[in-house]
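[1] Coordinates for the following, if possible.
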Amino acid sequence: MPTAGERVTAETFGFSLRKHPRRQTRRREGCYRRRSNLTATDPATLWPHYLQLTEIEQAFKELNSDWNLRPLYHPLDPRIEAHRFVASIAYCLQVTLKFQARQLAPGLTPQAILEKLSALQRVDLQLPTNDGRYLVLPRYTQPDSDQQLLLQRLKLTLPPPPPPRIRGSTPASPTVSATSL
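    Residues are numbered from 1 along each chain as shown. Sure thing, here's the model as predicted:
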């Protein structure tokens, strides 16, 4: 280091890098280090469990953000268990769709598939009869060419429409009701 009042030049000032800490940092880039209290378990078997945990957390994040689910507070234990059950079923369906899409329609995410197929609807057509009752004919909307191609790629078929039924003398409002699949 130069003394007080001395100019800083190549002869009066020098430096060197400490290479050892820098090398350690470089070698650790892209590596994970996890700590567990399961000391009897082989670390090689813990890693897939950790990855599965991150996938579950990601799925719940997607369920909350993509489907605009808000936090629910249930006062009774059976309601909490029912909510967990429904969330688990939703997660299982999402994972199943993800793996099916990975094999049969690479590049598509479950969210993209659900967005594309959300336009398909089941329509209840209500026709009045001579005796004042209504004949209800459940029907599905016709998939467009993109939806048909997606259904074929995923090897999915629309379920057959339910059989017609007869409703009492008051029509359900609206006369034609639509529900998403």
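
[2] Strands along the chain, start to end?
    121-128, 134-140, 165-167, 176-180 (DSSP state E).

[3] nearest to Q52, of the ones you listed?
    strand 176-180 (30.4 Å; C-beta to C-beta). For every residue, glycine as well, the C-beta is placed using N, CA and C.

[4] Mind splitting the chain into its structural domains?
    Here the domain assignment for the chain is 41-113, 121-180, based on automatic domain parsing.

[5] Redo the ones you listed as a markdown table? Include mean neighbour count, distance to R34 and mean pLDDT.
    Output for the domains of the chain, formatted as a markdown table (neighbours: other C-beta atoms under 10 Å; distance: least, C-beta to C-beta, whole Å; pLDDT from 0 to 100):
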| stretch | mean neighbour count | distance to R34 | mean pLDDT |
| --- | --- | --- | --- |
| domain 41-113 | 12 | 6 | 80 |
| domain 121-180 | 12 | 36 | 82 |
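
[6] export the strands of the chain to JSON lines and tack on distance to A87?
    Listed next are the strands of the chain as JSON lines, based on distance: least, C-beta to C-beta, whole Å:
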{"stretch": "strand 121-128", "distance to A87": "25"}
{"stretch": "strand 134-140", "distance to A87": "28"}
{"stretch": "strand 165-167", "distance to A87": "33"}
{"stretch": "strand 176-180", "distance to A87": "20"}
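
[7] Quick one, which of these gets closest to R84.
    strand 176-180 (24.1 Å).

[8] neighbouring contacts of stretch 101-117?
    With contacts defined as C-beta atoms under 8 Å, 6 or more residues apart in numbering, stretch 101-117 is touched by 62, 66, 94, 97-98, 146-147, 150-151, 153-155, 181.

[9] Grab the longest helix from the chain for me.
    helix 77-104 (DSSP state H).

[10] Give me the distance from it to the chain's centre.
    9 Å (C-alpha atoms, centre = their mean, to the nearest Å).

[11] same question, stretch 147-158
    Stretch 147-158 sits 20 Å away from the centroid of its parent chain (C-alpha atoms, centre = their mean).

[12] Endpoint to endpoint, that stretch covers what distance?
    Stretch 147-158 has an end-to-end distance of 11 Å (criterion: C-alpha to C-alpha, to the nearest Å).

[13] How about stretch 58-78?
    OK, stretch 58-78 end separation, C-alpha to C-alpha: 26 Å.

[14] Would you mind measuring from I113 to L137?
    From I113 over to L137 the distance is 28 Å, taken as C-beta to C-beta, to the nearest Å.

[15] Give the bridge partners for the closest residue to R167 other than its chain neighbours, please.
    Distances taken as C-beta to C-beta, 6 or more residues apart in numbering place Y134 nearest to R167, at 4.4 Å, with adjacent residues excluded. Assessed by DSSP bridges, Y134 has beta-bridge partners P128, R167.

[16] Fine by me, we can end here.
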